[in-house]
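A.B. asks: Quick one, what's the 3D model for this:
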Amino acid sequence: MHWVDYLLFIFPIFTQVACALVMSGENLDNHIDVKNIIVEMGTYFQVQDDYLDCFGEPEKIGKIGTDIEDFKCSWLVVKALERCNEEQKKVLRVRKTIVNIFV
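C.D. replies: Numbering: from 1, shown residues only. Sure thing, here's the model as predicted:
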């Protein structure tokens with residue numbers, strides 16, 4: 001998991017849950033599964049957001065997706081880089097920084 005995932009979703013949500021657990025007298029070490037579930041939720045949220053950014057209908061999701069145009073390293077780009085061959089990676093090298101993260 002990348003630090004951005006913690007910053008944008010997991011950290012704010014887990015902090016609230018952890019505070020509630022501590023305030024109720026619970027030991028956080030006994031609730032590792034809570035963190036794991038929140039990490040899974042954050043990952044699911046990010047994948048869904050990236051997918052909808054590319055394929056969602058703007059009138060339904062309330063925005064026009066620009067992740068690809070903005071050269072963001074979205075879940076779709078990560079999956080493409082994992083599956084493509086060297087020739088296909090050359091096509092994706094429209095922005096060198098995206099490919100260099102994973103090569």
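A.B. asks: residue nearest the centroid of the protein?
C.D. replies: residue 46 (3.6 Å; CA atoms, centre = their mean).
A.B. asks: Pull out the buried residues from the helix or strand hosting that residue.
C.D. replies: Using DSSP states H and E, residue 46 maps to helix 32-55. Neighbour-count burial for helix 32-55 flags 34, 38, 39, 42, 46, 49, 50, 52, 53 (criterion: 16 or more other CB atoms under 10 Å). For every residue, glycine as well, the C-beta is placed using N, CA and C.
A.B. asks: now the residue sitting furthest away from the middle of the chain: how far from residue 18?
C.D. replies: In the chain, residue 25 marks the outermost C-alpha relative to the chain mean, sitting 31.8 Å out by CA atoms, centre = their mean. Between residue 25 and residue 18 the distance is 13 Å, computed by CB to CB, to the nearest Å.
A.B. asks: Hmm, residue 77 is touching residue 92, no?
C.D. replies: Yes: using CB atoms under 8 Å, residue 77 is in contact with residue 92, at 7.3 Å.
A.B. asks: Tell me which of the two has more neighbours.
C.D. replies: A count of neighbours by other CB atoms under 10 Å puts residue 77 above the other of residue 77 and residue 92, at 21 against 14.
A.B. asks: And the more buried one, how far from residue 58?
C.D. replies: From residue 77 to residue 58 the distance is 20 Å (CB to CB).
A.B. asks: Residue ranges of each domain in this structure, please.
C.D. replies: Using automatic domain parsing, the domains assigned to the chain come out as 1-57, 66-103.
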